[in-house]
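S.K.: Fold the following and give me the result.
(one chain, ligands or ions: 5)
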Amino acid sequence: MNVLFRKTNAISGKLSAASRISVLNNHFCPRNHLFNMADNNPTAGIIIIGDEILKGHVMDTNSRFLSRRLFALGVKVKKISVISDDLDVIAKEVAEFSQSFTHVITSGGVGPTHDDLTFEGVAKAFGEEVVAHPELVDLCKEFFGTDDLKSPKLKMALIPKSAKLHFGMNKQTKQIAKYPLVNIRNVYMFPGVPQLLEKSFDMLQSIFANPHTIFHVREVYVDRDEVLITPIINDTDARFHDRVVLGSYPDFYNSYYKVKLTLESDNQQNVDEAQKFLMENLPHGSVVNYEKDPCGTASEHVYGIIKTEDSSHLAVNVRHATRVIEQAFEKYKPEELCIGFNGGKDCTALLHLTYAVYRTKYPDETRRLQALYIRRGQPFPEIELFTKIAKDNYHLEIITIHDKIKEALFELKSTHPTLKAVIMGTRRSDPYCENLEEFSPTDPGWAEYMRINPILDWSYKDVWTFIRTFNIPYCSLYDRGYTSLGSMENTHPNPGLQVVDSKGIISYKPAYMLANGDSERAGRN
Ligand SMILES: Cc1cc2nc3c(=O)[nH]c(=O)nc-3n(C[C@H](O)[C@H](O)[C@H](O)COP(=O)(O)O)c2cc1C
Ligand SMILES: Nc1ncnc2c1ncn2[C@@H]1O[C@H](COP(=O)(O)OP(=O)(O)OP(=O)(O)O)[C@@H](O)[C@H]1O
Ligand SMILES: [Co+2]
Ligand SMILES: [K+]
Ligand SMILES: [Mg+2]
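M.R.: Numbering: from 1, shown residues only. Ligands and ions are numbered 1, 2, ... in the order given. I've put the predicted structure just below:
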């Protein structure tokens with residue numbers, strides 16, 4: 001269930017800074033000519049201002065951020081427009097948006113240079129002049145340490161004559177923002193730098209919060225091609241059209257589902273009914289129980305299965321491997337440990353477990369989990385891509401070394417002298433591994449490290465059961481019949497997964513369908 005609760009009012013609590021009460025008053029009473037508290041269906045328009053975006057030099061992330069946040073606040077974004085740094089264009093767009101929507105948010109063009117024209121453009125939209133706002137002048141002087149009223153740095157203090165300032169407050173520190181948001185009528189002018197815009201919006205979002213509406217959202221994940229379920233989607237839409245907004249989003253790269261259906265309404269009962277109708281009409285067994293944030297919930301789910309009385313093979317495996325990883329963290333400090341990560345399935349399963357243990361043992365630690373990636377031969381682009389995804393998902397500090405494994409480990413001694421142990425996804429069925437132990441020092445002649453092998457006695461099937469049950473993201477090659485990954489020149493899909501259709505076209509089933517784990521390395525030479 002995914003109900004998007006409105007964020008609580010950012011500006012509550014006591015504000016003692018008496019000198020700014022006049023300004024803050026504006027804030028508590030967000031009144032303008034269009035928006036009033038009786039407006040049950042507030043809308044918003046977003047104007048992204050900047051030539052750099054139109055040229056493709058910078059990707060706009062602000063509109064996505066704002067849209068998501070406004071949606072969560074119960075405000076419907078009706079239009080997003082990207083325009084150039086041109087006075088007349090800005091004036092025209094702002095005038096039009098201001099007439100059409102409850103709130104208008106602009107992003108960009110509030111800096112000190114010649115191409116920063118937002119304040120002037122917005123002033124022009126309302127037939128106003130820009131004037132030096134005394135409080136902003138003081139702030140700019142403080143910021144830039146200049147007293148020269150003609151300095152370009154003070155350009156930022158020239159705002160539309162009737163504009164107001166909104167000072168936000170940091171929810172955690174209760175500190176009042178140093179720099180205000182400038183607003184005239186229903187137009188709010190945010191800076192274009194994403195960090196600044198996001199910070200400012202965080203502090204001032206209560207201006208936009210719609211007290212009347214919570215959008216209820218459900219997501220239904222379906223493991224069928226969109227064309228096959230289109231009649232049911234259309235049927236559901238026809239039935240609930242006036243009450244529920246239905247969306248259908250195919251995903252060609254997800255390993256767990258093919259289509260995500262979304263149901264949205266400001267009435268919970270309506271989404272419940274539409275969901276029920278969908279569930280009853282979609283093909284039997286086609287709806288997938290999908291965890292959309294497997295990494296963020298790793299600790300919760302891994303320890304969830306450990307703590308139950310569950311005596312399934314999966315629970316026993318997870319309990320055991322987790323215990324070994326916990327021992328690793330008891331014996332070694334985080335800076336002494338890393339996980340050997342080459343994008344393969346075994347270390348992917350292991351990474352998930354290790355991350356769950358690490359986050360549980362060190363919930364407040366800001367240090368990233370370290371991963372060692374020895375890149376050799378010609379790596380598959382799919383592996384490189386997946387390594388980047390895993391880095392983001394698990395907040396990894398990746399140490400990459402380009403060399404043969406043995407040489408790389410010697411290099412690691414000098415580049416990262418604090419490291420003492422490597423947690424690995426080695427299994428007993430791997431070549432030369434039958435006599436390994438869960439804690440095995442490297443062999444004589446190798447750089448000295450403790451090898452820690454928490455999933456040593458897991459089978460091929462155990463690894464896939466774990467990955468698939470926990471919806472863990474994995475390298476896409478495994479969905480194309482690869483069952484063990486070396487480098488490009490020596491790795492092929494597993495012949496045991498080959499399917500030949502009536503026209504003689506060859507394809508491969510995904511790795512988790514391989515029945516006999518002993519033939520795991522049949523695609524390697
Ligand atoms: C951190 C680390 C330590 C290793 N230590 C040893 C070792 O002590 N002795 C050894 O023969 N191989 C060692 N290896 C090599 C592995 O056993 C194995 O040959 C390598 O991961 C290649 O696997 P693959 O053939 O499945 O791609 C080590 C590898 C890594 C990543
Ligand atoms: N190039 C490497 N860089 C870092 N660690 C590695 C590397 N190669 C192997 N390892 C470690 O050794 C373990 C066993 O290697 P292996 O090649 O079997 O990878 P895997 O994760 O098991 O994936 P697969 O068996 O599907 O190729 C890995 O799980 C990883 O911990
Ligand atoms: Co392996
Ligand atoms: K669609
Ligand atoms: Mg491998």
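S.K.: contacting residues for the residue of the stretch 401-525 of the chain found nearest ligand 2?
M.R.: As assessed by CB to the nearest ligand atom, ligand 2 sits closest to G425 within the stretch 401-525 of the chain, at 2.5 Å. For every residue, glycine as well, the C-beta is placed using N, CA and C. Counting by CB atoms under 8 Å, 6 or more residues apart in numbering, G425 touches G340, G344, K345, D346, C347, T348, A349, L350, N453, I455.
S.K.: just these that are near ligand 5?
M.R.: Filtering those for neighbours of ligand 5 using CB under 5 Å from the ion leaves G344.
S.K.: Dump the contacts of G425 into JSON lines; add secondary structure, distance to ligand 1 and neighbour count as well.
M.R.: Shown next, in JSON lines, are the contacts of G425 (DSSP: H, G, I helix; E, B strand; the rest coil; distance: CB to the nearest ligand atom, whole Å; neighbours: other CB atoms under 10 Å):
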{"residue": "G340", "secondary structure": "strand", "distance to ligand 1": "4", "neighbour count": "24"}
{"residue": "G344", "secondary structure": "coil", "distance to ligand 1": "8", "neighbour count": "22"}
{"residue": "K345", "secondary structure": "helix", "distance to ligand 1": "11", "neighbour count": "25"}
{"residue": "D346", "secondary structure": "helix", "distance to ligand 1": "9", "neighbour count": "23"}
{"residue": "C347", "secondary structure": "helix", "distance to ligand 1": "9", "neighbour count": "22"}
{"residue": "T348", "secondary structure": "helix", "distance to ligand 1": "14", "neighbour count": "23"}
{"residue": "A349", "secondary structure": "helix", "distance to ligand 1": "15", "neighbour count": "26"}
{"residue": "L350", "secondary structure": "helix", "distance to ligand 1": "12", "neighbour count": "27"}
{"residue": "N453", "secondary structure": "coil", "distance to ligand 1": "10", "neighbour count": "26"}
{"residue": "I455", "secondary structure": "coil", "distance to ligand 1": "14", "neighbour count": "27"}
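S.K.: Closest to ligand 5 out of the contacts of G425?
M.R.: Nearest to ligand 5 out of these is G344 (CB to the ion; 4.2 Å).
S.K.: nearest spatial neighbour of the closest one, skipping sequence neighbours?
M.R.: L485 (5.1 Å; CB to CB, 6 or more residues apart in numbering).
S.K.: Give me the pLDDT value at the one you found.
M.R.: Note for L485: predicted pLDDT of 94.
S.K.: What is the neighbour count of it?
M.R.: 23 (other CB atoms under 10 Å).
S.K.: What's the separation between it and ligand 1?
M.R.: From L485 across to ligand 1, the span is 7 Å (CB to the nearest ligand atom, to the nearest Å).
S.K.: Wait, that residue touches C475, no?
M.R.: Yes - between L485 and C475 there is a contact at 7.1 Å, judged by CB atoms under 8 Å.
S.K.: quick revisit: what residues are up against the residue nearest to G344?
M.R.: N342, G343, G344, K345, F380, I383, C475, L477, T491.
S.K.: again, only this time at 7 Å
M.R.: The neighbourhood of L485, defined by CB atoms under 7 Å, 6 or more residues apart in numbering, consists of G343, G344, I383, L477, T491.
S.K.: tell me which element it is part of?
M.R.: Assessed by DSSP states H and E, L485 sits outside every helix and strand.
S.K.: May I see the buried residues of the helix or strand harbouring F71?
M.R.: For F71, the host element (DSSP H and E) is helix 62-72. Judged by neighbour count using 16 or more other CB atoms under 10 Å, the buried positions of helix 62-72 are N62, S63, F65, L66, S67, R69, L70, F71, A72.
S.K.: Can you name the element that comes right after it?
M.R.: Tracing the chain C-terminally past helix 62-72 and defining elements by DSSP H and E, one meets strand 76-83 next.
S.K.: ok but E411 is inside a helix, no?
M.R.: Yes - judged by DSSP: H, G, I helix; E, B strand; the rest coil, E411 forms part of a helix.
S.K.: hang on, it packs against H402?
M.R.: No - contact criterion CB atoms under 7 Å: E411 and H402 do not qualify, at 9.3 Å.
S.K.: Show me what stretch 281-294 is in contact with.
M.R.: 220-224, 229, 232, 235, 256-257, 279, 297, 470-473.
S.K.: What of stretch 158-166?
M.R.: 23, 26-27, 119, 122-123, 126, 128-133, 135-136, 180-184, 204, 207.
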